[in-house]
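> structure for this input, please:
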Amino acid sequence: MYMKIFYALVLSLLLSSVAYADFDGNEKHTIKNVGFFTNSYTVDGTETDVDEVERLLLYVPDANEKWGTGKILRYVSYGLGFAGGFIVGYSAVSGSNYDAGDDYKTGLFIGGGIVLAAIIVNRVGASKRNGAIEIYNSESGKQKANFGDMSGNAFSAFNVQVAPTSQGGVGLAFNF
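Prediction:
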């Protein structure tokens, strides 16, 4: 009796995981960056958000790694821009005092240099993200399913992978 319940439970889990798996790693997609100042992207000609682009980049590890580096550089540039802007603002306010002399010019110069560095780091991060998209577009769809080596090993023709789903979860993808 308990074995029948166990088999039914295993079969229902297997069928439910196959029903909701959204593994499209073998499909060819084309991502394009359509915004110069904004992060607007299209996937196969349809405008989409950054989350969909990041989900697709998971299937090409080199592109995903380069995208992550670009995101980190973008956040670093935000921190540098904030710090440089604060220094420029503080120096400008302190320079408005008539007794300050020329000391505020040093702060303006240093703060302006930090803001310039932030702009450069942001552009480097954007080029890394664009490079990741180029890598994805060149490598997308080249993954082949593992159908075994036909050497008599029955288990080599069965492949189970964990894949992200379009709902934001994780599913099991079975290849026979």
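> in this protein, which spans are helices?
When assigned using DSSP state H, the helices of the chain occupy the ranges 2-20, 50-57, 61-95, 103-139.
> figure out which of those helices is closest to Lys28.
Minimum separation from Lys28 across the helices of the chain (CB to CB) falls at helix 103-139, 9.1 Å. Bear in mind the C-beta positions are built from the backbone N, C-alpha and C, glycine included.
> which strands or helices does the closest one pack on?
When contacts are defined as 3 or more CB pairs under 8 Å, 6 or more residues apart in numbering; DSSP states H and E, helix 103-139 packs onto strand 31-33, helix 50-57, helix 61-95.
> tell me the helices and strands packed up against the last one.
If you count contacts as 3+ CB pairs under 8 Å, 6+ apart, helix 61-95 packs onto helix 50-57, helix 103-139.
> need the least confident one among these, by mean pLDDT.
When the helices and strands packed on helix 61-95 are compared by mean pLDDT, helix 50-57 comes last with a mean of 85.
> ok, and the closest non-adjacent residue to Thr48?
The spatially closest residue to Thr48, leaving aside those adjacent along the chain, is Tyr41, at 5.8 Å (CB to CB, 6 or more residues apart in numbering).
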